[in-house]
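J.: No letters, just coordinates:
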């Protein structure tokens, strides 16, 4: 049918769905995190990778090229401590093998359409390393060789950020503009009475703007009252959070560019913006070719 996209027969997709801090200590701390093999770590982080068959045919081990099996590779600034997998399909047989400090390979007997395999990787080193999904499948149009991107915002997130930007713009510019217009054309007494003569869109802009301004003022008052509980200059969590203008910048990039931003929830770098995992493809140069 016209307008409907044809579903490919083989389409194994993968993406990072969640990352988090399992345990973390400063590097100069006298205590260390010790795993079951006796290895010492300053920080242990967890990453969940979703592998899903979005095609119409089963994908089994013979579908992979012998020289390019399905594997996950971390960058050199991180190392894998342990890896495991699970699925809702009880009869699906799978295994995860760690080849080296940065690579794990995944094998399974077959993943039917709509079935999935969730991989859990515990690692140390860099909290947000570059992650590569590697492997080639016979008959699949899109290759698995790509950076595991988890920085693309969904359409719901983009729409939410766009609506918040509209509300913030109305709070800063729309509220005084609508108040001046209503006061000039209908009289200042109707700002409170909200007579039927006032257009609905002006009344809505004014009312929503007043509500958001009151909430903003309340957050400032709450921060002031919270700060009075501590000595002058004592650092609070809110001191490390991004200011309003920086939040507006991040929301704009999410709404218009589809970028997802993260802030550290570590005790040692609270609310600090973390670098995105997405990396641009490097353009091939003349020196890259070998004679």
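T.: Thanks, I have it. Everything quoted here is computed from the prediction, not taken from an experiment. Numbers count the residues shown, from 1 in each chain.

J.: Which parts of this protein are helices?
T.: Counting by DSSP state H, the segments of the chain that form helices are 155-169, 175-185, 190-193, 200-227, 237-240, 244-257.

J.: And the lowest mean pLDDT element among the helices and strands of this protein?
T.: Taking mean pLDDT, DSSP states H and E as the measure, strand 146-147 is the helix or strand of the chain with the lowest mean score, a mean of 56.

J.: ok, back up a step: of all the helices of the chain, which lies closest to residue 45?
T.: Proximity to residue 45 (C-beta to C-beta) singles out helix 237-240 among these, at 20.5 Å. C-beta here means a position set from N, CA and C on the backbone, and glycine is covered the same way.

J.: quick one: low-confidence parts of the stretch 1-150 of the chain?
T.: 1-5, 143-150 (pLDDT under 70).

J.: The same query, at a cut-off of 50, please.
T.: By pLDDT under 50, the low-scoring segments of the stretch 1-150 of the chain are 1.

J.: ranges for the strands of it?
T.: Assigned by DSSP state E, counting those that start in this stretch, the strands in the stretch 1-150 of the chain fall at 12-24, 33-34, 40-41, 43-53, 71-74, 78-86, 94-98, 103-108, 116-125, 131-134, 146-147.

J.: The first one: how far from the chain's middle?
T.: This points to strand 12-24. 10 Å (C-alpha atoms, centre = their mean, to the nearest Å).

J.: gap between the closest residue to residue 27 other than its chain neighbours and residue 30?
T.: In space, and not counting its chain neighbours, residue 27 is closest to residue 42: 5.1 Å by C-beta to C-beta, 6 or more residues apart in numbering. Distance of residue 42 to residue 30, computed by C-beta to C-beta, to the nearest Å: 12 Å.

J.: Comparing these two, which residue is more hemmed in?
T.: Neighbours were counted for residue 42 and for residue 30 using other C-beta atoms under 10 Å; residue 42 has more, 16 against 6.

J.: Help me confirm that residue 136 comes into contact with residue 68.
T.: Yes - judged on C-beta atoms under 8 Å, residue 136 makes contact with residue 68 at a distance of 4.0 Å.

J.: follow-up on the earlier one: now for the residue nearest to residue 27: which residues touch it?
T.: The contact partners of residue 42, by C-beta atoms under 8 Å, 6 or more residues apart in numbering, come to 24-27, 29, 32-33, 124.

J.: mind checking which of the strands of the stretch 1-150 of the chain is nearest residue 212?
T.: Proximity to residue 212, assessed across the strands of the stretch 1-150 of the chain by C-beta to C-beta, is greatest for strand 12-24 (31.5 Å).

J.: Okay, buried residues for that closest one please.
T.: Neighbour-count burial for strand 12-24 flags 12, 14-16, 19, 24 (criterion: 16 or more other C-beta atoms under 10 Å).

J.: and if you look at stretch 133-140?
T.: Buried residues in stretch 133-140, counted by 16+ other C-beta under 10 Å: 133-137, 140.

J.: Could you save the strands of the stretch 1-150 of the chain as JSON lines and add columns showing distance to residue 250?
T.: Shown next, in JSON lines, are the strands of the stretch 1-150 of the chain (distance: least, C-beta to C-beta, whole Å):
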{"stretch": "strand 12-24", "distance to residue 250": "18"}
{"stretch": "strand 33-34", "distance to residue 250": "32"}
{"stretch": "strand 40-41", "distance to residue 250": "31"}
{"stretch": "strand 43-53", "distance to residue 250": "23"}
{"stretch": "strand 71-74", "distance to residue 250": "26"}
{"stretch": "strand 78-86", "distance to residue 250": "25"}
{"stretch": "strand 94-98", "distance to residue 250": "35"}
{"stretch": "strand 103-108", "distance to residue 250": "33"}
{"stretch": "strand 116-125", "distance to residue 250": "26"}
{"stretch": "strand 131-134", "distance to residue 250": "22"}
{"stretch": "strand 146-147", "distance to residue 250": "21"}
